[in-house]
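*Asks:* next input, structure requested:
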Amino acid sequence: MKRILVAGVALVSLFLLQPQQSEIQVIDGDTLDVGGQRIRLASLDAPEIDQYCEDRFGASYACGELAAQALEAMVHRSRPECRTQGFDPYGRTLARCSIDGRDIGAELVKQGHALAFQRYSLEYLPEQRIAKNARAGVWNGRFIPPWVFRSSTLRKTSPKQQLEDCSSATTRPQHRGEGRFCSESEALLAGWQNPVY
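*Replies:* Numbering: from 1, shown residues only. Reported below is the predicted structural model:
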């Protein structure tokens, strides 16, 4: 039984190594459909397709759609090569994909279109620091981490309310000023720290 399972994974890996352009469809900023098979890019999390962020001037924009467009531009520029790494809890194949030797996930995170999915991997933290320091993509304003957005009722609200009506939002004064966050994980991701008692 083990040999059959290993052989099946090997076949999937070989199948994914060089998909044809016509087989590739971008579902959102971190998911592809390759010949009918859902591929979730490993170690990152992009804003959901219906998620809005706020730019540095306070204007809402469709950051989820922008992340999907960034991924689409990459995979349609050149043929990606993907290597499977297992399956996520939803049955999607997890894969690391590259184009001309450049890691697609690393590029998305570095451009600020996705975040390092620290719950599962710390691999893209250096790229995330680059994006944050450059104020690239979502780092150029306010956003809710995709994993917080998915687990909340914010999906059912208007774009402006997604950022304003976070049920768990708090304000924590510090010497640098104040920060308003929708969750502890968002505050930590933004560089804030838990108070020391």
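*Asks:* what pairs with the host helix or strand of residue 33, parallel or antiparallel?
*Replies:* Element membership for residue 33, per DSSP states H and E: strand 31-34. Neighbouring strands of strand 31-34 in its sheet, by DSSP bridges, are strand 24-28 (antiparallel), strand 37-41 (antiparallel).
*Asks:* run through who's touching the first one.
*Replies:* Contact partners of strand 24-28, identified using C-beta atoms under 8 Å, 6 or more residues apart in numbering, comprise 32-34, 38, 46, 48-49, 64, 67-68, 71-72, 75-76, 80. From N, CA and C alone the C-beta is placed, and that goes for glycine too.
*Asks:* and the gap between residue 104 and residue 60?
*Replies:* 27 Å (C-beta to C-beta, to the nearest Å).
*Asks:* for residue 47, that is, sorry about that
*Replies:* Separation of residue 47 from residue 60 (C-beta to C-beta) stands at 12 Å.
*Asks:* common neighbours of the two, please.
*Replies:* Common neighbours of residue 47 and residue 60, using C-beta under 8 Å, 6+ apart, are residue 53.
*Asks:* those two: which is more packed in?
*Replies:* Just comparing residue 47 and residue 60: by other C-beta atoms under 10 Å the higher neighbour count belongs to residue 47, 28 against 18.
*Asks:* any idea how far residue 113 is from residue 104?
*Replies:* 11 Å.
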